[in-house]
Structure formats: C-alpha cells, structure tokens
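Novice: got a sequence here, can you build the structure:
(chains A and B)
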Amino acid sequence: MKNVTPNDVLAKAESLRNNLSTGFRDEIVKSLYSEAEKIANRAVKTASDKKYDLDQKIDRLVTSPITGLPIMLLMLGIVIWLTVSGANVVSEAIANILFGLGDLGRNLFNSIGVPWWLTGFIWDGVYLGLAWVISVMLPPMMIFFPAFTFLEDLGYLPRVAFNLDWMFKKSGAHGKQSLTMAMGFGCNAAGVVATRIIDSPRERLIAILTNNFVPCNGRFPTLIMLATVFVASAFPAALTSFIAAGTVVGVVLIGVGFTFLMSWALSRTVLKGEASAFTLELPPYRKPNFGRILYTSIIDRTIFVLWRAMQTAAPAGAIIWLLANIPYGDANLAHAIANWLNPFGILLGLDGVILLAYIIAIPANEIVVPTMMMMYMGAGMMVNGPSSNTDIFNLLVHGNGWTLLTAVNLMLFALLHNPCATTIMTIYKETKSWKWATVSVVITLGTAFLVTFFTASIARLFGWA
Amino acid sequence: MANQKVVLPTEHCETCPAFTQLEQMGIKIGDFDRVVALAGNPNTGKSTLFNALTGLKQHTGNWPGKTVTRAEGGFEFNKLRYKLVDLPGTYSLLSASQDEEVARDFILFGQPNCTIVVTDATALERNLNLVMQVMEITENVVVAINLMDEAKRKGLEVDARSLSRDLGVPAIPVTARSGEGIHTLLGAVAEVIEGKVATKPLRVHGTPEFQNAVNELVPMIEQLAPGIPNARWLAIRLLDGDARVQNAITSGELNEIVSRQQRQDVQFSAKMSVEGRQ
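Specialist: Got it, this is the predicted structure:
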C-alpha cells in the first residue's frame, strides 16, 4: 500500500463531503441538541415554583440601561474610597515605623565606625527604596485587592461586560475586552494574558494594546498620593477622602475613555474590521468564599506584587544613591541627568526628576514615587523620608517648585505612559511579535507625551501655571 | 495506613471511610499512575474542584474565562497517584479561540486516562452539548454534576441515575465548594479507568451515508498519523470542513502534537501550575 500524504486525506474528505447530501451538518447538530434536551428533561425536575427571583431582580437593576452605569460607577467609587481613606492612615503609620528603623540602623552603623559610603549605600539607598515601596504600596493593595476579589467572586464582572458591551462594539472592539480591562486594574500583565478569551485575533490585539490605559495596582498609589496631597488638600479636611477618591475615579474614567478612543482608532486604521458577536453568560450571584478571597487577594496578589516591587526597589534605591553621590561637574550625576532632562520635562508640565524616575522605574511602575522622592530629597543629604502628607506637600511645592499642573500632569502621565517591563514581555509572549510589543510602547508613550504637552500648553496659555 | 492526613475540613468527610484515602499532593506530582482531565463549560467550577482535589490554590473567580491556560496538580487516591489537568472552560470543541483550543488539544491528543466533564446542575441542557462532544472523542468520561447546592436553592432536582443511564457514562452529583460527593466521583473515575464500569457513550451517528463516509476516512487518517487516538473524531471534523483540523493535517502539526503530548509530562507540570496563577 502506498504512503498516504496529507493532501490525499484532504482530497478524499473533500470528495466524500461533496457526495453527501446537503444538510448533513444540520442533521447532526439538530440531533445533538434534541438528545441533550430530551436527556435534560428526563433528569431535571423543578420541585417547586421557587424561581431565582432575587438574581433576576438584581440583574434587572444592575444591567439596566438607566441604572446599570450609575451602579457601576458607585461600586468603583466605593472600592476606591475604601482604598484611599484606609490606605492614608496605614501608610503614614508604616512609613513612621520603617523610617524609624532606618534611623536606628544608620545610627548603629555610624556608632561602630562603618565607612560613610557603605552606611549611605545600604540605609539611604537600598533600605530607603524598600521602605518607601512598602509604605506606599502595601496599604492600598491590602484594601483594593480583597475588595476587587470580592466583586469578582460575587459574579459582578460579567455584568460590567454586559453594561459596557455597546461601547466596545462602537469602538470596533470585542465586548469581552471589559473583562480583560477589569483584570488590568490588578495587573496589566495579567490583563494581557486574560485576552486569550477573545477569539478574534484582531480584537484580541486591540485588547492587548489598550490594556495599559487602565491603571494597575502599581500605579494606584501614585494616583492616590497625588490626589490626596494636591487636589484634596484644597478642600475642608472632612471632605478629603471623598475628593481624593473622586479624583482617582475621574482619572480611571479618563483611562477608560482612552481605551475606547484608542480601540476605535486602531479598529479603523491598522486593525480594521467589524466587532464580532459573542455570547456571555451572566453567572448566578454566588456567596463569596471569604477564606478564599483573603487567600487570593493577600497571598496570590498582594504579596506576589509587593515582592516583585521590592525586587526592583532595592536595586533602584542603590542606583539612586549612587547617582546622587557620584560627583559630576559642581553637583552629582543624578542632578546632571535631571537637569539635562528638565527642558523636555517642563515642556510636558513635569520636570527632569520625574522623567528620570520614570526611566529608572521601567522595570516596575510601583517604584516611581519612591524614586522621585528619594531624588528630590537628594539621598545622602537628608536622612529621613517625609511621612505625612504635609511633609510631602512642602517638599514638592516649596522645595521643588511643583504646581497643580505638575500634579495633574503626573497623574495623566502615570495613567497613560508605557507598560512596565513585565507587561511588555507578556505582550511579546502573547503576540510572539516584537512589532506589537513595540507598538504597545509607542502608542502609550506617544499618548502620554501628547496629552501632557497639550494640558501644559493650555494651562500656560491661560496663565494657570 | 500510610495516608492519615486530614485534608478536607468538611463534617461529612470526617465520618466517611474513604476520607483517609485521598491525599492532596499539590504540584509535587513526580511519577504518576494516571492522568485525569477536567473539562466543562465556563464557570461551572472546574478550578474549584481542582483546588479541592489537589490542595492547590488555583485562582477561582465567578466569571466565564477565568482559566486561560491549563493548570496541573496531583493527588493520591487509593494508593494510586493521579495527575489532574484543569482545562479552560469551553462551550464546544469546535471553536477557534486560544483558550478553547488548549482544552480541545489536550482531550484530543493528551490521551488522559479519564476526562471528568464538570457540568452546571442548574443549566444541564446546555452543558450536555459539551458532554456529548467529549464523548465523541473518548469513551472514558465521567460527568460531575456540580453546583448541586445552587440547584437545590433554585428548586431543581437532578436525577443522576437517569442522566447516567441516558448518557452511558457515570454521572455523579457533587458540590465542589464544600467537597461533597468528590470521593464518589473519584471512585467512579477509578472504576472507569480500571474497566470495572463499562461505559457506552451515547453518540450521535447522523445519516447512514455519513457513517459510511466516516468509515472510509478513518483508516487513511490512522495511516497518516500512526498512534493517533481519535481518528474517528478527526474524520468527522474533516467531513465538516474544519479549517483548524485541515491545517493541522497539512502542516504536519498533527504528528507533532501526538509526539509532544506524549512526551511532555512532569517537567512541564510544575511550570504550568505556577503560570496558571493570575
């Protein structure tokens, strides 16, 4: 018998198929469905009329065209308010403890005669970087992740997808993109992996390239700090947490807006096509399992993310200390680089230190604020980090010439700028293409530059800054 | 007895004689005697069942599409080691999205000793479509009727015996969240693998002329890819004009998948278990 080639098999299948009477497929599918129906009817009995009324009533409210969106905003607002108001108190306490420990360590080193450069490198570099990242990141994550996981376990996410479907459709994107967008709040890399649920490659690419426009947990602390210190401080103390939360919600909505805008732009240019139809089940509401929520949110998410941040914060702290202590010209290297970047930073309503912080923080967005603070303090000269909001305000505004424009533009920049290294790698792995990984950087960074340049120019034109 | 380990803190289990026979092994699978796959529609509780059996903490969530990669773990039942593979949820085995392909490729070419199809007791009819498609591929199928607690809450009564009789494979009611029924489920899996329970999966045959066409095509596929376990299913897909299967045949991917799936065992498992974390 001669060898069978793949083409023989396909040709044979082709000819057999052509000889089959038309409608053989329908025949099979029909019998599959009718069998399933028969079997299910025989096996399932409705014992009473106790229908799932409650689920349906809730769904009617939660997915209604009128109340659906406001409820969604309210949920987002509550989660962010809890995070902002809770994190504020805890952050300050943790910062006090950790910076206090730093003092002890530094004094101990000094008293036993360790050389100044070693003391500085360890306590003002590596340790300070770690202390900052923990006090800035841990509290918001400990509140945000359990709250988010709670909504996830409850079954709320598919409702969000349902509510936003029409907007994604208008943008030429897949409705399931709202699920991957929601995952992006936790971590953009996870959001990119989650896009596997989208079966059209075109729509999946859109979801991947725009995922970065929702702020991940590494960027929330930056937004929260800026909203609290700058925006909310202009209001009475009783309102602080509400104003701060409202500001963060506003920034998130701007991010969602850019997601739609960029999806729309992509689906009309390089990724042309129509949105495909799909079915999405609305699962029943399930009683969340609190043990699991705590485990998932604390161990799998908080500790996992924090550990990753610490791994980049320690070397970043070391680099900052070195840059600040290597003499260059009449100042130091950090100063020189920041000065060199400064004109460009000013053009964007930012400054050179912020841009340098972003460059150092490419491995992980989490360390932007700590990096920035350490450079402003000129590590090595100032022993302690500012722990209260007033300290931070004074350092930035009186010490370094920040204005409201700087704060607003930094929030916008934090929202829109390039994905972190982990996310870029994940995009490469998922698309198997450096081209798309590069595109993701170019469109986000491009958007960030354009938007901040635009707001800075407007503000200057009207004499606000 | 060797395995006197307390693993499932459920009251019912502590009084159950089978209790001591299950030991969760997490990802320390090492050598295993049997491979069991977990398939099912999205959001029917596959990952919850996976966690209950292996003691792992695969991320669960109440939305369809949570699991996009396959996660693997192990457990020991009646002194035999099982490798358990948690597959992404899928409505059918005919689709093209990447997560559904992961499920399909594994059931097709991974040759698990048994496939547990996890179904939602509150939406059985829709779930049965997948059950029947899996039964087209393999005879070693056990149906887990999960979410029995939810069904009860909604006033539904599911007759597992009737279901089992109609489908020709064991159907076991379980509540994965509390661990109820999972020993019975594992018992059924073992019996199916050992041939103590003969399964006779219900199969939709279509018209006689279709049946003839399938029979003509099967030997050719077997000759093309020796050792392919599911020639019948592939023949049906080819007659249906499934582009994905046609591609797999022309590109030689078919042979590659057969050998890859047979090769990849232990070294892959630990890695995937970690990557499954999201």
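
Novice: and A:Gly31, that's in a helix?
Specialist: One correction, residue A:31 is Ser, not Gly. Yes: A:Ser31 forms part of a helix when assessed by DSSP: H, G, I helix; E, B strand; the rest coil.

Novice: pretty sure it contacts B:Val204?
Specialist: Yes: with the criterion set as Cβ atoms under 8 Å, A:Ser31 and B:Val204 qualify as a contacting pair; they are 4.8 Å apart. Backbone N, C-alpha and C define where each C-beta goes, glycine included.

Novice: helix/strand/coil for B:Tyr82?
Specialist: Secondary structure state of B:Tyr82, per three-state DSSP, is strand.

Novice: what residues does it make contact with?
Specialist: Taking Cβ atoms under 8 Å, 6 or more residues apart in numbering or on different chains, we find B:Tyr82 in contact with B:Phe32, B:Asp33, B:Arg34, B:Val35, B:Val36, B:Gly74, B:Phe75, B:Glu76.

Novice: show me which helix runs longest in the chain.
Specialist: Reading this off chain A. helix A:68-111 (DSSP state H).

Novice: hmm, no, I was thinking of chain B.
Specialist: Taking residue count as the measure and DSSP H as the definition, the longest helix of chain B comes out as helix B:208-224.

Novice: A:Ser31 and B:Val204: which has the busier surroundings?
Specialist: Legend: neighbour count by other Cβ atoms under 10 Å in any protein chain shown for A:Ser31 and B:Val204, higher for B:Val204 (19 against 15).

Novice: wait, a strand at the more buried one?
Specialist: No: secondary structure assignment places B:Val204 outside any strand; it is coil (three-state DSSP).

Novice: and the residue of chain A found nearest chain B, how far is that from B:Ser92?
Specialist: Closest contact between chain A and chain B, by Cβ to the nearest Cβ, is at A:Asp199 (3.0 Å). Distance of A:Asp199 to B:Ser92, given as Cβ to Cβ, to the nearest Å: 12 Å.

Novice: need the overlap of contacts for these two.
Specialist: Counting by Cβ under 8 Å, 6+ apart, the residues touching both A:Asp199 and B:Ser92 are B:Glu100.

Novice: so the two - more neighbours on which side?
Specialist: Each of A:Asp199 and B:Ser92 had its neighbours counted (other Cβ under 10 Å), and the higher figure belongs to A:Asp199 (18 against 13).

Novice: phi and psi next, for that one.
Specialist: Summarising the backbone geometry of A:Asp199 under the convention degrees, to the nearest 10, its torsions are phi -90, psi -20.

Novice: would you mind measuring from it to B:Glu100?
Specialist: According to Cβ to Cβ, A:Asp199 stands 8 Å off from B:Glu100.

Novice: repeat for A:Leu239
Specialist: Counting by Cβ to Cβ, the gap between A:Leu239 and B:Glu100 amounts to 49 Å.

Novice: looking at the two, which is more packed in?
Specialist: The residue with more neighbours, out of A:Leu239 and B:Glu100 and counting by other Cβ under 10 Å, is B:Glu100; that gives 23 against 12.

Novice: A helix includes that one, no?
Specialist: Yes: note on B:Glu100: a helix contains this position according to three-state DSSP.

Novice: chain neighbours aside, what residue packs nearest to it?
Specialist: With Cβ to Cβ, 6 or more residues apart in numbering or on different chains as the criterion, B:Glu100 has its nearest non-adjacent residue at 4.1 Å, and that residue is B:Thr90.

Novice: now do the contacts for the one you found.
Specialist: For B:Thr90, the residues meeting the contact criterion (Cβ under 8 Å, 6+ apart) are B:Ala39, B:Gly40, B:Asn41, B:Pro42, B:Asp99, B:Glu100, B:Ala103, B:Arg104, B:Leu130.

Novice: neighbours of the second one, how many?
Specialist: Using other Cβ under 10 Å, B:Gly40 has 29 neighbouring residues.

Novice: just the pLDDT for the residue found closest to it once you drop the neighbours it is linked to in the chain.
Specialist: When the adjacent residues along the chain are set aside, B:Gly40 lies closest to B:Val118, with 3.5 Å between them (Cβ to Cβ, 6+ apart). Reported pLDDT at B:Val118 in the predicted model: 96.

Novice: what does B:Val118 show for phi and psi?
Specialist: phi -90, psi 120.

Novice: so it makes contact with B:Met148?
Specialist: No: with the criterion set as Cβ under 8 Å, B:Val118 and B:Met148 do not qualify as a contacting pair; they are 11.9 Å apart.

Novice: pick out whichever of these two has more residues nearby.
Specialist: Neighbours per residue (other Cβ under 10 Å) separate B:Val118 from B:Met148, with B:Val118 holding more: 30 against 23.

Novice: for A:Pro158, see how far away the more buried one is.
Specialist: 19 Å.

Novice: check contacts around the residue located most distally from the centre of chain B.
Specialist: Within chain B, the residue lying farthest from the chain centre (Cα atoms, centre = their mean) is B:Glu209, at 31.3 Å. Contact criterion Cβ under 8 Å, 6+ apart gives A:Asn19, A:Leu20, A:Ser21, A:Phe24 as the residues in contact with B:Glu209.

Novice: any idea which of the contacts of B:Thr90 is closest to A:Thr312?
Specialist: B:Asp99 (30.5 Å; Cβ to Cβ).

Novice: only the buried subset of the contacts of B:Tyr82, as a ChimeraX command please.
Specialist: This is the ChimeraX syntax for the buried subset of the contacts of B:Tyr82, where burial follows 16 or more other Cβ atoms under 10 Å in any protein chain shown:
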select /B:32,34,35,36,74,75,76
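
Novice: stretch B:145-159 vs chain A: in contact?
Specialist: Yes: Stretch B:145-159 lies in contact with chain A when judged by Cβ under 8 Å from any Cβ of the partner chain; the contacting residues are B:Glu150, B:Arg153, B:Lys154, B:Gly155, B:Leu156, B:Glu157, B:Val158, B:Asp159.

Novice: now, those residues that are in helices?
Specialist: Secondary-structure check on the residues of stretch B:145-159 next to chain A using DSSP H: residues within helices are B:Glu150, B:Arg153.

Novice: pull out the buried members of the residues of stretch B:145-159 next to chain A.
Specialist: Here the buried ones among those, as counted with 16+ other Cβ under 10 Å, turn out to be B:Glu150, B:Lys154, B:Leu156, B:Val158, B:Asp159.
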